[in-house]
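> What follows is a predicted protein model with its sequence.
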Amino acid sequence: MKDRWIHEKLEADIGHDRYLHSVRVMETCIDLARHHGYHVEKVAIAGLLHDCGRLLDVKRMLKLIGDFDIILDSIARDNTGLIHAILGEELARREYHIGDVEVLNAIRFHTTGRENMNSTEKIVYIADIIEPNRNFPGVENIRDMAYRDIDGSILHSMEGTLKFLIETSAPIHLDTIRARNQLLRLKKWGDTR
Ligand SMILES: [Fe+2]
Ligand SMILES: [Fe+2]
């Protein structure tokens, strides 16, 4: 991304470490898009801005949710992990002047995933999980899969997330369950309905 103001604003809003994470996600998105033959510019900006709603100031996040009249569902309401993606979509539109719906949706659904994810959404979702500084057990396997079979890599990593959420007694967003079931149908029966 050439627009320097975007980088400066992003770093000021989300902090240096998360900004560096965002740049790594952007670079991973570009790499995956080149590999799979997808639109590089779309995924680059979506990757860079995917965490733009994760403001350093959590109180400001909650205030903006109210100011923008964003209605949160019962799962997202108490979860800043989910709120930042929903707020991020709105900030991308209002403050970073993003009008491309694919880019906006990639930001909005980068934490939960959803049914019928498009290519931009899929690349941002998995790039966030496999960027070079991620080092959880099994990441190498998911990284390899992302270049061979992007749907399979998302399914595999979602199932890991679902297990973790159950083990830690955390609520599960329905979008993730629907996304996982669809990817499972696709894997088992080639069925994308
Ligand atoms: Fe995020
Ligand atoms: Fe992220």
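Thanks, I have the structure now. Ligands and ions are numbered 1, 2, ... in the order given.
> and the residue nearest the centre of the chain, what is it in contact with?
The residue lying closest to the centre of the chain (C-alpha atoms, centre = their mean) is residue 110, at 1.9 Å. Residues in contact with residue 110 (C-beta atoms under 8 Å, 6 or more residues apart in numbering) are 50, 85, 88, 121, 124, 125, 128. Every residue, glycine included, has its C-beta placed from N, CA and C.
> Also residue 82?
Listed by C-beta under 8 Å, 6+ apart, the contact partners of residue 82 are 75, 76, 111, 112, 173.
> For the residues you listed, could you give me CSV that also reports secondary structure and neighbour count?
CSV is the format used below for the contacts of residue 82 (DSSP: H, G, I helix; E, B strand; the rest coil; neighbours: other C-beta atoms under 10 Å):
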residue, secondary structure, neighbour count
75, coil, 16
76, coil, 22
111, coil, 23
112, coil, 23
173, coil, 21
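> Quick check: the two most widely separated of those?
Largest separation among these by C-beta to C-beta: 75 and 111, giving 11.1 Å.
> Residue 165 contacts residue 172, correct?
Yes - in this structure, residue 165 is within contact of residue 172 by C-beta atoms under 8 Å, at 5.1 Å.
> per-residue confidence averaged over stretch 146-155?
Model confidence over stretch 146-155, given as mean pLDDT, is 97.
> List the buried residues of that stretch.
Neighbour counts over stretch 146-155 (16 or more other C-beta atoms under 10 Å) mark 146, 150, 151, 153, 154, 155 as buried.
> from those residues, which single one is nearest residue 39?
Lowest distance from residue 39 to the buried residues of stretch 146-155 (C-beta to C-beta) belongs to residue 150, with 14.3 Å.
> With adjacent residues omitted, what lies nearest to the closest one?
Once flanking residues are discounted, residue 150 sits nearest to residue 122: 5.4 Å by C-beta to C-beta, 6 or more residues apart in numbering.
> Residue 111 now?
In space, residue 111 is closest to residue 85, 4.6 Å off (C-beta to C-beta, 6+ apart).
> Would you mind listing what in the chain touches ligand 2?
Residues of the chain that fall close to ligand 2, judged by C-beta under 5 Å from the ion: 51, 128.
> Which parts of the chain are helices?
Along the chain, counting by DSSP state H, helices occupy 4-14, 16-36, 40-49, 58-67, 80-94, 101-108, 119-130, 139-148, 150-167, 174-189.
> residues contacting residue 9?
95, 96.
> can you tell me how far residue 60 sits from residue 120?
According to C-beta to C-beta, to the nearest Å, residue 60 stands 27 Å off from residue 120.
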